[in-house]
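Novice: here is my input, please return the structure:
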Amino acid sequence: MAEKGGEDLAQRFVQFALDSGVLRFGEFKIKSGRISPYFFNAGLFDDGLKLARLAEFYAERLLESGLEFDMIFGPAYKGIPLGATVAAELARRGRNVPFAYNRKEAKAHGEGGSLVGAPLKGRVLIVDDVMSAGTAVRESIAIIEAAGATPHAVAIALDRQEKATENGVDVDHSAVQYVRNQLGLQVMAIATLGDLLHYLSGRPDNSLDTHREGVLAYRARYGAV
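Specialist: Sure, this is the predicted structure:
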């Protein structure tokens, strides 16, 4: 669990995600093929107020961490609005940094190429929503290194803290652990599965107890070591 300030931030974020309908409980087939008792769909941060509030959470986590970085990169597609709004919120708080993103398809006219925004240089922070397998991060790393910059850290909204799959087989480590330990990047999440369980345990009305049991069982089966 994070330190007290970070823990409070995480609990507020879980509440915000629930209120926004981004975090839901039920039975959901996720990318790995598992049936998850909860689902986090950042695409449902779908209006100006929600995006602005989401950016506040990212910025608050980044500033409290003390992480040093020189610019932000938003990988296509979800990382583009996330990176842009986080850069704007950081600037509002007095930390102005350049921002860039990539296109999935290189543009053959106009300025051309697959990168848009500031030139990639220095220590680059990748901003995305969640990390399922680390594939998107590896793609971002390749783009950043090809430009001569340094992939430095990743900021995500939620760390599911569950085992990754490689070639259809569960492995002991999570995607976040792989990025930290094998790729050497720092990873910061606004909230984790542990924070979600803490939130469910602290409800005074016990209305979410049934969901808590399902999430606990899921973690027991798929939680990363």
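Novice: where do the strands sit along the chain?
Specialist: Remark: strands assigned in the chain by DSSP state E are 23-29, 35-40, 71-74, 99-107, 113-117, 123-127, 150-159, 163-166, 169-174, 186-192.
Novice: mind checking how far the most centrally placed residue in the chain is from residue 37?
Specialist: Centroid-nearest residue in the chain: residue 156, 1.7 Å away (criterion: CA atoms, centre = their mean). Separation of residue 156 from residue 37 (CB to CB, to the nearest Å) stands at 20 Å. All C-beta spots, glycine's among them, are computed from the backbone N, C-alpha and C.
Novice: likewise residue 88?
Specialist: Counting by CB to CB, the gap from residue 88 to residue 37 is 35 Å.
Novice: just checking, residue 120 touches residue 71?
Specialist: Yes: contact criterion CB atoms under 8 Å: residue 120 and residue 71 qualify, at 7.2 Å.
Novice: list residues touching both of the two?
Specialist: Common contact partners of residue 120 and residue 71 (CB atoms under 8 Å, 6 or more residues apart in numbering): 100, 149.
Novice: so who does residue 43 touch?
Specialist: So residue 43 contacts residue 78 (CB under 8 Å, 6+ apart).
Novice: sorry, that was for residue 203
Specialist: residue 209.
Novice: just want the angle from the helix or strand of the chain with the lowest mean pLDDT to strand 123-127.
Specialist: Ranked by mean pLDDT, DSSP states H and E, the helix or strand of the chain with the weakest confidence is strand 99-107, at a mean of 83. For strand 99-107 against strand 123-127, the angle between stretch directions is 70 degrees (axes from the mean of the first three to the mean of the last three CA atoms, to 10 degrees).
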